[in-house]
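Peer 1: sequence plus predicted model, see below.
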Amino acid sequence: MRPRHLRRRGALAAAATTLAVLCAGQTLAAPQAAAAPAPAATQDVRTSPASEVHAAEDAAARAVAAALTDPAWRVRVRQAALTSDEVAVTALADGALKTALAAADRRIAAAKGLAPDVGPLLRLRLGDPSMRGALTAGTQPWVAAATSDDGPVTAYDSTGRTHTLDARKTPARPVYVIDIDGSRALAAGLDVLHEELARRGVRSADPASEPQQARTSAAAAGFWTTRVSAVSLSDDLEPWIKGDAEIYTLVTGFGHDGKVRVDPVDMPYLDNDGTVYRPQQILVNWSSYKYNLADAVMMEDDGSTNYRDLAKAIAAILLTVTDQGAYIPLVNAVLDAIPDDWWTDDPDYVDSWYTLARTDNGTRHGARGNGWMTLEPYFVQEL
């Protein structure tokens with residue numbers, strides 16, 4: 001039997017090899033296999049952002065599972081999963097596995113339209129708190145990628161065998177879930193969304209780009225806003241495999257120049273459905289809008305949103321909407337802008353609020369019936 005450090009190094013190297021092959025989208029062929037004939041015509045082999053992210057996550061799950069054959073790595077991961085809600089798995093690994101996981105991080109960032117220096121995105125977590133007892137008792141965990149909403153979940157054991165789990169029914173066996181740091185990705189993604197919308201001619205929340213009229217009005221004494229004093233969702237559309245939701249809201253209306261604007265609002269506290277949150281968060285800054293009405297579309301990022309593509313799709317539709325001298329609701333235009341294939345898993349439409357008014361003071365239920373917000377006028381005083 002080889003010494004432990006050699007067994008461990010071999011296990012991590014094997015796992016890294018598995019990840020590198022899968023991330024590259026390659027298949028190992030038998031040495032004697034003949035080369036396949038060239039296709040008669042060139043086919044479009046481009047993959048969607050969702051499939052790119054899912055493939056990288058799935059490859060990472062296989063690699064982490066394979067590395068669990070090493071006792072030292074198995075203990076390290078178990079201790080980290082039991083003491084933290086989420087573990088930066090790339091930083092936890094070392095050697096060839098760490099290098100390969102870092103490459104998967106970069107692949108995910110590219111698929112989401114984020115800069116390569118966004119930082120490590122891969123995270124490992126225990127699928128559900130109910131699994132802690134079995135994991136502590138020594139039950140061998142499986143590893144799965146958070147890549148499915150309602151369909152079956154594929155989990156891997158340390159020997160490479162696959163196991164099918166129900167996404168809506170929490171398994172008794174402990175499962176490590178390979179997921180994305182949603183807070184980091186969403187914060188960076190909303191920055192990209194803002195920048196890309198502005199580049200394509202749709203104004204977004206940026207004081208430097210506000211029309212002079214809005215800046216002069218706001219500078220007089222302050223400005224009116226609509227503040228969220230309480231909010232709750234009936235269903236955040238997240239099964240156990242997905243963990244906490246990553247919610248953001250697109251506030252839309254007409255700017256002072258008569259053109260449509262979109263202001264993304266991050267709502268990072270909205271983790272769980274059935275919970276009332278009291279954020280006291282500003283949702284609408286009315287000094288940015290021509291009318292005293294705006295719309296809000298609440299979305300949930302399932303991890304594979306490409307924010308540049310989202311901005312491009314929204315801008316293409318909203319730039320065709322012109323000011324007719326009276327407020328026009330924009331919820332349907334935003335929803336119509338999202339490509340049909342994105343609705344399967346990414347991003348999820350949570351709810352929408354038509355014609356929010358500056359004077360709204362009370363509870364407004366969403367048009368979909370999936371959530372409610374208690375709103376109040378709030379004046380922001382200049383210092």
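Peer 2: Everything's here; your move. Residues are numbered from 1 along each chain as shown.
Peer 1: measure the residue positioned nearest the centre of the chain to residue 52 for me?
Peer 2: With distances taken as C-alpha atoms, centre = their mean, residue 303 lies nearest the centre of the chain, 3.2 Å away. As judged by C-beta to C-beta, to the nearest Å, residue 303 and residue 52 stand 11 Å apart. Where you see a C-beta, it was placed from the backbone N, CA and C, and this is true even at glycine.
Peer 1: can you check residue 154 too?
Peer 2: Noted for residue 154: a distance of 17 Å to residue 52, by C-beta to C-beta.
Peer 1: now residue 264
Peer 2: As judged by C-beta to C-beta, residue 264 and residue 52 stand 23 Å apart.
Peer 1: which of the residues in the helix or strand harbouring residue 133 are buried?
Peer 2: Assessed by DSSP states H and E, residue 133 sits inside helix 132-136. Of the residues in helix 132-136, residue 135 count as buried by neighbour count, 16 or more other C-beta atoms under 10 Å.
Peer 1: then it to CSV, C-alphas only?
Peer 2: The C-alpha trace of helix 132-136 is given here as CSV (Å, rounded to 0.1, in the frame of the first residue of the first chain):
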residue,chain,number,x,y,z
ARG,A,132,-25.8,16.9,9.1
GLY,A,133,-26.5,14.0,11.4
ALA,A,134,-25.7,11.3,8.8
LEU,A,135,-22.6,13.2,7.7
THR,A,136,-21.3,13.5,11.2
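Peer 1: which residues sit against whichever helix or strand comes after that helix?
Peer 2: The C-terminal neighbour of helix 132-136 among helices and strands, as given by DSSP H and E, is strand 142-145. Identification of contacts with strand 142-145 by C-beta atoms under 8 Å, 6 or more residues apart in numbering yields 54, 57-58, 60-62, 64-65, 68, 127, 153-157, 163, 165, 173-179, 241.
Peer 1: in helices, which of those appear?
Peer 2: If you go by DSSP state H, those have 54, 57-58, 60-62, 64-65 in helices.
Peer 1: between these, which is nearest residue 139?
Peer 2: Nearest to residue 139 among the ones in helices among the contacts of strand 142-145 is residue 65, at 14.4 Å by C-beta to C-beta.
Peer 1: neighbours of that closest one, how many?
Peer 2: Residue 65 has 25 neighbours, counted by other C-beta atoms under 10 Å.
Peer 1: show me what contacts it?
Peer 2: Counting by C-beta under 8 Å, 6+ apart, residue 65 touches 15, 142-143, 156-158, 160, 176.
Peer 1: tabulate those residues (JSON lines), appending distance to residue 94 and pLDDT.
Peer 2: Output for the contacts of residue 65, formatted as JSON lines (distance: C-beta to C-beta, whole Å; pLDDT from 0 to 100):
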{"residue": "15", "distance to residue 94": "12", "pLDDT": "42"}
{"residue": "142", "distance to residue 94": "23", "pLDDT": "97"}
{"residue": "143", "distance to residue 94": "18", "pLDDT": "97"}
{"residue": "156", "distance to residue 94": "21", "pLDDT": "96"}
{"residue": "157", "distance to residue 94": "22", "pLDDT": "95"}
{"residue": "158", "distance to residue 94": "18", "pLDDT": "93"}
{"residue": "160", "distance to residue 94": "22", "pLDDT": "91"}
{"residue": "176", "distance to residue 94": "18", "pLDDT": "97"}
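Peer 1: filter the residues you listed to the buried ones?
Peer 2: Buried members of these, counted by 16+ other C-beta under 10 Å: 15, 142-143, 156-158, 176.
Peer 1: now, the residues you listed that are in strands?
Peer 2: Mapping the buried ones among the contacts of residue 65 onto strands (DSSP state E) picks out 142-143, 156, 176.
Peer 1: ok, which stretches of this structure are strands?
Peer 2: Going by DSSP E, the chain shows strands at 122-126, 142-145, 152-156, 162-166, 175-180, 222-233, 247-254, 260-267, 281-285, 293-300, 348-357, 362-365, 371-381.
Peer 1: which of those sits closest to residue 311?
Peer 2: strand 260-267 (8.5 Å).
Peer 1: and the closest one, what does it pack onto?
Peer 2: Counting contacts by 3 or more C-beta pairs under 8 Å, 6 or more residues apart in numbering; DSSP states H and E, strand 260-267 is packed against helix 182-199, strand 247-254, strand 281-285, helix 307-318.
Peer 1: that strand vs strand 348-357, what angle?
Peer 2: Computed with axes from the mean of the first three to the mean of the last three C-alpha atoms, to 10 degrees, the direction of strand 260-267 lies at 120 degrees from that of strand 348-357.
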